[in-house]
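Colleague: just coords:
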């Protein structure tokens, strides 16, 4: 049995019974329709991988059904039963880009071989699509954490900032750097370091809203952008969520089976871009970095670039 589903459309109950008995156990699921109209309704409900249909049927024939389905989904795989006496239908089916044809009278061996060809085509197509998706993801995301990379972050930040400027909102840019990350790598190994980075990415992402952006810029450095803030004070909600998510230490089991409890802490710098700001992203990033180093020197979780913002929030 393969993992594909089939919609079989046939008005002759004897032929229907024979074909179903041959294909039972071959497909994951077979849906049966008695005419083209029923076929369209089942297609919309079940979204089968392949449609196998007779051409000559009452109410709506196989070609009319195929045409309507191809209009909805040009990539839908359709195989039609046809005969030499239906040559005019055959030409229409070719123009409609129906995938395969099975000649009548029914030859079960030919039917299986034809369906196998369609299944193989679908498999190849899906492998290629998955490969393209993987390439697309890899070109826009950090492989280890799955977060956006620099290129993707720049693109998303531009859109986020434009939207916030349009409606008069504030965007916060945050630079996050882990504390004592090198000793973790040196003490427990790079597997432990990778685990920490993945968990930190998870904690940061969990603290954000869907409209916010996060990126791993490299090493143990993360950049965040939080938009749609009415005032700078609203960043406190994020900081509170972040504090809760970072409370638990990470448990790491080494190659010898020994479990270690690793405490994670970070230094964070925060700056703001108002709705009328003309500062470039690079400038905002430098400001956030400077604030982050300020927090690291002071051994506090976060610091603000602008002293006025500090006084507002403290």
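Modeller: Looks like it came in fine. What you see is a predicted model; the values in this text were computed from it and never measured. Numbers count the residues shown, from 1 in each chain.

Colleague: from the chain's centroid, how far away is stretch 33-52?
Modeller: Here stretch 33-52 is found 28 Å from its chain centre; the criterion is C-alpha atoms, centre = their mean, to the nearest Å.

Colleague: rounded mean pLDDT for it, please.
Modeller: The average of the pLDDT scores along stretch 33-52 is 95.

Colleague: mind listing residues that contact stretch 246-262?
Modeller: With contact meaning C-beta atoms under 8 Å, 6 or more residues apart in numbering, stretch 246-262 is reached by 184, 188-189, 192, 195-196, 199, 203, 263-266. C-beta: built from backbone N, CA, C; applies to glycine.

Colleague: how about stretch 132-143?
Modeller: Residues contacting stretch 132-143 (C-beta under 8 Å, 6+ apart): 147-149, 151-152, 215-216.

Colleague: picking up where we left off before, which members of the contacts of stretch 246-262 are classed as buried?
Modeller: Buried members of the contacts of stretch 246-262, counted by 16 or more other C-beta atoms under 10 Å: 184, 188, 192, 195-196, 199, 203, 264, 266.

Colleague: the residues you listed in strands, which ones?
Modeller: Cross-referencing these against strands under DSSP state E gives residue 266.

Colleague: the helices in the stretch 1-150 of the chain, which residues?
Modeller: Here the stretch 1-150 of the chain has its helices, by DSSP state H, counting those that start in this stretch, at 13-23, 36-46, 62-72, 87-95, 108-140, 150-167.

Colleague: any chance of those helices in a markdown table, with distance to residue 237 and mean neighbour count too?
Modeller: Formatted as a markdown table, those follow (distance: least, C-beta to C-beta, whole Å; neighbours: other C-beta atoms under 10 Å):
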| stretch | distance to residue 237 | mean neighbour count |
| --- | --- | --- |
| helix 13-23 | 57 | 14 |
| helix 36-46 | 44 | 18 |
| helix 62-72 | 45 | 19 |
| helix 87-95 | 60 | 13 |
| helix 108-140 | 28 | 13 |
| helix 150-167 | 17 | 15 |
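
Colleague: hang on, residue 270 is in a strand, isn't it?
Modeller: Yes: according to DSSP: H, G, I helix; E, B strand; the rest coil, residue 270 belongs to a strand.

Colleague: distance check, it against residue 59.
Modeller: 66 Å (C-beta to C-beta, to the nearest Å).

Colleague: who's more crowded, the two?
Modeller: Counted by other C-beta atoms under 10 Å, residue 270 and residue 59 do not tie: residue 270 has more neighbours, with 28 against 13.

Colleague: show me what contacts that one?
Modeller: Applying C-beta under 8 Å, 6+ apart to residue 270 gives the contacts 172-174, 235, 288, 291, 302-305, 309.

Colleague: what helix or strand is residue 303 located in?
Modeller: According to DSSP states H and E, residue 303 maps onto strand 302-304.

Colleague: tell me the strands beside that strand, with direction?
Modeller: Note on strand 302-304: by DSSP bridges, its sheet partners are strand 266-273 (parallel).

Colleague: after the strand it pairs with, next one along is what?
Modeller: Proceeding N to C from strand 266-273, the next assigned helix or strand is helix 281-298, under DSSP H and E.

Colleague: count the residues that sit near residue 277.
Modeller: Residue 277, neighbours per other C-beta under 10 Å, totals 15.

Colleague: roughly how far apart are it and residue 215?
Modeller: Counting by C-beta to C-beta, the gap from residue 277 to residue 215 is 20 Å.

Colleague: do the same with residue 172
Modeller: According to C-beta to C-beta, residue 172 and residue 215 sit 14 Å apart.

Colleague: let me have the contacts of residue 270 in CSV, extended by pLDDT and neighbour count.
Modeller: Listed next are the contacts of residue 270 as CSV, based on pLDDT from 0 to 100; neighbours: other C-beta atoms under 10 Å:
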residue, pLDDT, neighbour count
172, 96, 22
173, 97, 26
174, 97, 24
235, 93, 20
288, 96, 25
291, 95, 25
302, 92, 23
303, 93, 22
304, 94, 25
305, 92, 22
309, 51, 19
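
Colleague: got these as a markdown table, with distance to residue 14 columns?
Modeller: Shown next, in a markdown table, are the contacts of residue 270 (distance: C-beta to C-beta, whole Å):
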| residue | distance to residue 14 |
| --- | --- |
| 172 | 71 |
| 173 | 71 |
| 174 | 70 |
| 235 | 72 |
| 288 | 74 |
| 291 | 79 |
| 302 | 76 |
| 303 | 81 |
| 304 | 80 |
| 305 | 80 |
| 309 | 80 |
